[in-house]
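S.K.: Could you look at this predicted model? Sequence included:
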Protein chains: 2
Amino acid sequence: MTNVSKQEVDAVVRVNEVIDSFLSCSVRDATTISPFYGQLWRDIQRLIGSGGKRVRPTMTVLAYRAFGGDSVEDILPIAAAQELLHLSLLIHDDIIDRDYIRYGVDNIAGAYEKKHYSHVEDTNDRLHYAQSAALLAGDLLISSSYRLMLESNVEPALLLEVQKRHGQSIFEVAGGELIDTESAFRPFGEIDAQTVALYKTASYTFVGPLLVGAILANATEKNLETLELFAKKLGIAYQLRDDVIGVFGDETMIGKTTIGDIREGKHTYMVEQFYDCASEEEKAHFELYFGDKDVQKSEAEVLKNLFISTGALKRTESAIEQYATSASAALESLDLSREFHDQFKALITTVTRRSK
Amino acid sequence: MTNVSKQEVDAVVRVNEVIDSFLSCSVRDATTISPFYGQLWRDIQRLIGSGGKRVRPTMTVLAYRAFGGDSVEDILPIAAAQELLHLSLLIHDDIIDRDYIRYGVDNIAGAYEKKHYSHVEDTNDRLHYAQSAALLAGDLLISSSYRLMLESNVEPALLLEVQKRHGQSIFEVAGGELIDTESAFRPFGEIDAQTVALYKTASYTFVGPLLVGAILANATEKNLETLELFAKKLGIAYQLRDDVIGVFGDETMIGKTTIGDIREGKHTYMVEQFYDCASEEEKAHFELYFGDKDVQKSEAEVLKNLFISTGALKRTESAIEQYATSASAALESLDLSREFHDQFKALITTVTRRSK
């Protein structure tokens, strides 16, 4: 997110401080229960300190300021809570995906498997216990996202409104996660990628954080509705761009392999488009490699070329463009100052045209 | 819980209605996202309808009334939220324990493994996906415990106080769950059973629900402190009794095998006492069977006799008696009417002397 203003950058620094202070207290309180429990919180603190762009807290602060909020300091714990929710989802997503690395370092399960539980001899048991620790870490962070909000300096009735929206985001993202997981083993076409993008990504990355910020600034009902529309379109565009980068991105820029999604056989919008427009021969060719856990770079290149030659990439780019256009249209109906209008406009460009 | 008054029994009926209505709405909303997501909520609804004594909501209503609360209907969603938290913990506990049955029926993972994901051919994958669905179900219920509270008719500032205590319970129970899990593979003596009982059981079964009820009735700070002490003692006694029943109970009355804890090698207070007072010979004898996954009934009898002959059972009974005495002492310092004093008193008896 390179287009945010100095105020949002400052807010991110303060958000990190709020998170760190909350986690330090948690480490301290957990240690009084047991040093082993303190360790879990230290790992949570280490993990959140290892990465993340704080997109969600930034969205909350941005919307809050855009709709006239002028006490950013008072709402920081609510902005920070968005990041705790994000971390909890990442930790549980990694359990589901059986991943042990996040932000280039050991995630919770990874640290427990390699370090804290290394004395457990049976490999299956060791992995299971490590994932159990990660399960509890994620549970704690879901609850912590509500708890941290209680530290904000906001009218109680308003805070309850915010919590209502927060609960809605969790409801939506869990549904998105479920159908995304199921799409791997349900017949192709039963679950569509745009629905997954809306619920798994847009819901808690843009819709929730932006609406929470706007609610805190007492935005009108009409603005809230339009902002929700804006956030949904932007969020889906964000996910579709993510899927394109996941295959066509520059590995040195995105910091992960571009074979992952292909090996996993991830049912992205681009894959849906491929199936919609490829010949039987092209599909047969595609299926030689797609979803193969041992696929090599050269074979992945074949798939990339198929995405290009069939027009699947082009269709995806055009869908991203359409979502961006819809987001822009919604933006024009929002009551925003020129300054914030331009910031939201730049956000659309960043989200849809980014290469990492 | 046979000692509760008609008011608490009526409240449990209403609590069940509140839960059912909340879950019906969730099924409906989830289905608009995807029928597959609706299924997850239907399984949650089925599971909670299959069992549970609603001990925790009962505690909330009891404390609320005991300290002068007179609008039970207004606080029902908060009482019901205690049960949603309980269910979320059971679902995640079953993942950690790799159990697929709860309340005598398929739990979430069990239903997904046997039914909804039966078409997934690879057994490991099928189990993993089934546990992933259960993971999400538990996540949703943690969040739902906060969400359902928002439906209560309570002053916003007071509700935030309640949430603070609720968050504290989750913080404590997750710590208890972690050290309980770790006690299976950490050197004996590093984690003690009374600490586990306090955090894994007492925290969210008695301390949280009772304090929440009392907070809602605006109980004094002094009463809250004394009630917390009462609840901790009562809760530890409850868990110690549970451990005794887990080995010595009547299977037809408790509805589960009394070999489970022995097979699992569960480090209960009674086991700690055994190690504290047994001879080397008795320990060697004990370890022939304790923690053996294939242990038979006749061998379990050997262990039962060792618990008796070494005095480990007697020590545990006496510890339960001591906790009951401490709870009674705390009770005498609570400002309660004769009616509620007697109800709390009867609660101690039920909890410590129950046989199921």
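M.R.: Yep, it's here.

S.K.: what's the burial count for whichever residue of the stretch 251-356 of chain A sits closest to chain B?
M.R.: Residue of the stretch 251-356 of chain A nearest chain B, by Cβ to the nearest Cβ: A:Lys293 (12.0 Å). C-beta here means a position set from N, CA and C on the backbone, and glycine is covered the same way. A:Lys293 has 7 neighbours, counted by other Cβ atoms under 10 Å in any protein chain shown.

S.K.: Model confidence score at it, please.
M.R.: On the pLDDT scale, A:Lys293 is placed at 87.

S.K.: Help me confirm that it is found in a helix?
M.R.: No: counting by DSSP: H, G, I helix; E, B strand; the rest coil, A:Lys293 is not found in a helix; it is coil.

S.K.: Let me see the contact set for it.
M.R.: Listed by Cβ atoms under 8 Å, 6 or more residues apart in numbering or on different chains, the contact partners of A:Lys293 are A:Arg263.

S.K.: so where's the stretch 201-350 of chain A uncertain?
M.R.: The model of the stretch 201-350 of chain A has pLDDT under 70 over residues A:255.

S.K.: Just the helices from it, written as ranges.
M.R.: A:208-216, A:221-248, A:251-254, A:260-264, A:269-277, A:280-287, A:297-309, A:312-332, A:338-353 (DSSP state H, counting those that start in this stretch).

S.K.: so A:Asp99 sits in a strand?
M.R.: No: using three-state DSSP, the secondary structure at A:Asp99 is coil, not a strand.

S.K.: Now do the same contact list for it.
M.R.: Per Cβ under 8 Å, 6+ apart, neighbours of A:Asp99: A:Asp93, A:Asn107.

S.K.: and the residue in the stretch 201-350 of chain A positioned nearest to chain B, how far is that from A:Arg56?
M.R.: Of all residues in the stretch 201-350 of chain A, A:Ser203 sits closest to chain B, at 9.6 Å by Cβ to the nearest Cβ. Distance, A:Ser203 to A:Arg56, by Cβ to Cβ, to the nearest Å: 11 Å.

S.K.: go on, A:Gly138?
M.R.: 16 Å.

S.K.: same thing with A:Tyr269?
M.R.: 22 Å.

S.K.: circling back to that earlier point, counting neighbours, what do you get for the residue of the stretch 201-350 of chain A closest to chain B?
M.R.: Neighbours around A:Ser203, by other Cβ under 10 Å: 24.

S.K.: go on, A:Asn124?
M.R.: 8.

S.K.: Give the phi and psi angles for it, as a check.
M.R.: Taking degrees, to the nearest 10, you get phi -60, psi -50 for the backbone angles of A:Asn124.

S.K.: Need the per-residue pLDDT for it.
M.R.: 94.

S.K.: what sits against the nearest residue to A:Gly246 once chain neighbours are set aside?
M.R.: Nearest-residue entry for A:Gly246: A:Asp261, 4.3 Å, with adjacent residues in sequence omitted and distances by Cβ to Cβ, 6 or more residues apart in numbering or on different chains. For A:Asp261, the contact set (Cβ under 8 Å, 6+ apart) comprises A:Asp243, A:Gly246, A:Val247, A:Thr268.

S.K.: close enough to count as contact, the third one and A:Thr258?
M.R.: So that's A:Val247. Yes: counting by Cβ atoms under 8 Å, A:Thr258 is a contact partner of A:Val247 at 5.7 Å.

S.K.: anything in contact with each of the two?
M.R.: Shared contacts of A:Val247 and A:Thr258, counting by Cβ under 8 Å, 6+ apart, come down to A:Ala300.

S.K.: Among the two, which residue is more densely surrounded?
M.R.: A:Val247 (21 against 17).

S.K.: tell me the contacts of that one?
M.R.: Here A:Val247 is in contact with A:Thr258, A:Asp261, A:Ile262, A:Met270, A:Ala300, A:Leu303, A:Lys304, A:Phe307 (Cβ under 8 Å, 6+ apart).

S.K.: Run a quick neighbour tally on the spatially closest residue to the fourth one that is not a sequence neighbour.
M.R.: Once its chain neighbours are removed from consideration, A:Met270 has its nearest residue in A:Thr316; the separation is 4.4 Å (Cβ to Cβ, 6+ apart). Burial of A:Thr316 is recorded as 25 neighbouring residues (other Cβ under 10 Å).

S.K.: which of the helices of the stretch 201-350 of chain A sits most buried?
M.R.: Each of those was scored by mean neighbour count; the highest is helix A:208-216, a mean of 27, by mean count of other Cβ atoms under 10 Å in any protein chain shown.

S.K.: tell me the angle it makes with helix A:221-248.
M.R.: 160 degrees (axes from the mean of the first three to the mean of the last three Cα atoms, to 10 degrees).

S.K.: so helix A:208-216 versus helix A:338-353, what angle?
M.R.: For helix A:208-216 against helix A:338-353, the angle by the same axes, to 10 degrees is 170 degrees.

S.K.: what's next to helix A:208-216, contact-wise?
M.R.: Contacts for helix A:208-216 (Cβ under 8 Å, 6+ apart): A:56-57, A:59-67, A:69, A:75, A:78-79, A:82, A:154, A:158, A:161-162, A:165-166, A:168-169, A:223-224, A:227-228, A:230-231.

S.K.: And stretch A:10-23, by the same measure?
M.R.: Applying Cβ under 8 Å, 6+ apart, the set of residues contacting stretch A:10-23 is A:41, A:44-45, A:48-49, A:54, A:57-58, A:61, A:72-73, A:76-77, A:79-80, A:83-84, A:144, A:148, A:151.

S.K.: Flag every residue of the stretch 1-150 of chain A that's near chain B.
M.R.: Proximity of the stretch 1-150 of chain A to chain B, by Cβ under 8 Å from any Cβ of the partner chain, involves residues A:26, A:29-30, A:33-34, A:36-37, A:40, A:88, A:92, A:95-96, A:98, A:117, A:119-120, A:125, A:128-129, A:132-133, A:135-136, A:138-140, A:142-144, A:146-147, A:150.
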